[in-house]
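>>> Quick one, fold the following:
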Amino acid sequence: MDTLHMMRIFVRIAEEGSFTEAAQRLNITNANASRSIAQLEAHLRTRLLNRSTRRVALTEAGQRYLERCERILAYVDEAEAEAADAQVKPSGKLQVHATSAFGQTYVLPAVLRYREQNPSVAVDLTLSQHVPDLLDEGYDVSLQLSMTHLPDSGLVSHRLGDVHSVLCAAPAYLKEHGMPLTVEELNGHACLQIVSSVFPRDRWHLDGPNGLETFELPPADFRVNVIEALSVALRDGIGIGALPIASALPALRSGALIRVLPEYQLQKLTAYVLYASRQYLDAKIRTFVEFLREFVSRALEADLSALSARVQT
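Numbers count the residues shown, from 1 in each chain. Next up, the predicted model:
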């Protein structure tokens, strides 16, 4: 029994004062309208309408029921319009997750620019090394880095671009310990390690003039799981470490860090944006993903170009 449908028929009959007129407006048969009212009255065990050959009149119970029906149907129509509007106009709260360094460097600026264009969207941005379960943890969008293709998770993913890292050290460290000129000469240096679910902990994969070379990292005296902390340690002069280009560029420009083996880059990571489904996608998710695909991709390319310009100069 479709109670809402029957309510709509009842309200229309009450408004028109006629089964025939109401049936024509609703594009149903007169018999269908009559049967629906009979079922509704049987369900309520109350007579709603008095019928005669000339007109239809509300009973006292029917008048009270009409007032309730009009309110209920108004709420239903409002809820349906609001839900449909979510497919068109970005609004509401957007739950976003990103890994710490990538999120701070690329996603946070993207969020700020996106909100300038879409002030009706409130963004809750979480930065952490933890890779979340979107459905269980309630995130609308997640940005992840991977050395390979993402595992098949049933989520929708879009590639944003590649993230490269470079080896850096402080001038004071290199003055004291010397500048390595080949991958082999990294042996004997203090190589600082980043603890990450993305990078291997015990080796660096360096892509350079001789193709891909692997350097087995010696036992570490210092490890850290956050890029920002690694950058601070490198500037303090305690060793050589790998920083993403965006994290390295400000310190390279200021001279706080010097690039080690400048003809090499560490094996690239690919940045992806993930969300749950393409079907009936909320406007805030759709527009944010579209914005990320342009904004982050452009920022990644700009950083790589800036690094290449430094190498050439």
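>>> Show me what the longest helix seen in the chain is packed against.
In terms of residue count, the longest helix belonging to the chain (DSSP state H) is helix 283-312. Here helix 283-312 touches strand 92-98, helix 108-117, strand 141-146, strand 156-169, helix 245-254, strand 265-275, going by 3 or more CB pairs under 8 Å, 6 or more residues apart in numbering; DSSP states H and E. Every C-beta, even on glycine, is put in place using the N, C-alpha and C of the backbone.
>>> Those: which one's closest to residue 222?
strand 156-169 (13.3 Å; CB to CB).
>>> Next SSE downstream of the closest one?
Toward the C-terminal end, the helix or strand that comes next after strand 156-169 (DSSP states H and E) is helix 171-177.
>>> ranges for the helices of the stretch 1-150 of the chain?
With DSSP state H, counting those that start in this stretch as the criterion, the stretch 1-150 of the chain has helices at 3-16, 19-26, 30-44, 60-85, 100-102, 108-117, 134-137.
>>> State the mean pLDDT of the third one.
Translated: helix 30-44. Helix 30-44 shows a mean pLDDT of 89 in the predicted model.
>>> Tell me what angle that helix forms with helix 3-16.
Counting by axes from the mean of the first three to the mean of the last three CA atoms, to 10 degrees, helix 30-44 lies at 110 degrees to helix 3-16.
>>> what about the stretch 151-300 of the chain, any weak spots by pLDDT?
Within the stretch 151-300 of the chain, the ranges that satisfy pLDDT under 70 run 151-153, 197, 278-280.
>>> Residue 303: neighbour count?
Applying other CB atoms under 10 Å, we find 21 residues neighbouring residue 303.
>>> Ok, residue 30 next?
Neighbour tally, residue 30, other CB under 10 Å: 14.
>>> Just to check, it is in contact with residue 20?
Yes. The criterion here is CB atoms under 8 Å, and residue 30 meets it with residue 20 at 5.6 Å.
>>> quick revisit: centre of the chain to the longest helix of the chain, how far?
16 Å (CA atoms, centre = their mean, to the nearest Å).
>>> residues of it that come out buried?
Residues of helix 283-312 classed as buried by neighbour count (16 or more other CB atoms under 10 Å): 283-285, 287-289, 291-292, 295-297, 299-300, 303-304, 307.
>>> What angle do strand 156-169 and it make with each other?
Relative orientation of helix 283-312 versus strand 156-169 (the same axes, to 10 degrees): 30 degrees.
>>> what is the orientation angle of helix 283-312 with strand 141-146?
Per the same axes, to 10 degrees, the angle that helix 283-312 makes with strand 141-146 is 30 degrees.
>>> follow-up on the earlier one: switch the helices of the stretch 1-150 of the chain over to JSON lines, and while doing so, append distance to residue 239 to every line.
Output for the helices of the stretch 1-150 of the chain, formatted as JSON lines (distance: least, CB to CB, whole Å):
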{"stretch": "helix 3-16", "distance to residue 239": "69"}
{"stretch": "helix 19-26", "distance to residue 239": "78"}
{"stretch": "helix 30-44", "distance to residue 239": "78"}
{"stretch": "helix 60-85", "distance to residue 239": "55"}
{"stretch": "helix 100-102", "distance to residue 239": "19"}
{"stretch": "helix 108-117", "distance to residue 239": "28"}
{"stretch": "helix 134-137", "distance to residue 239": "36"}
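>>> What's the separation between residue 259 and residue 174?
Distance, residue 259 to residue 174, by CB to CB, to the nearest Å: 10 Å.
>>> quick one, domains of the protein?
Per automatic domain parsing, the structural domains of the chain span 3-85, 92-161+269-312, 163-268.
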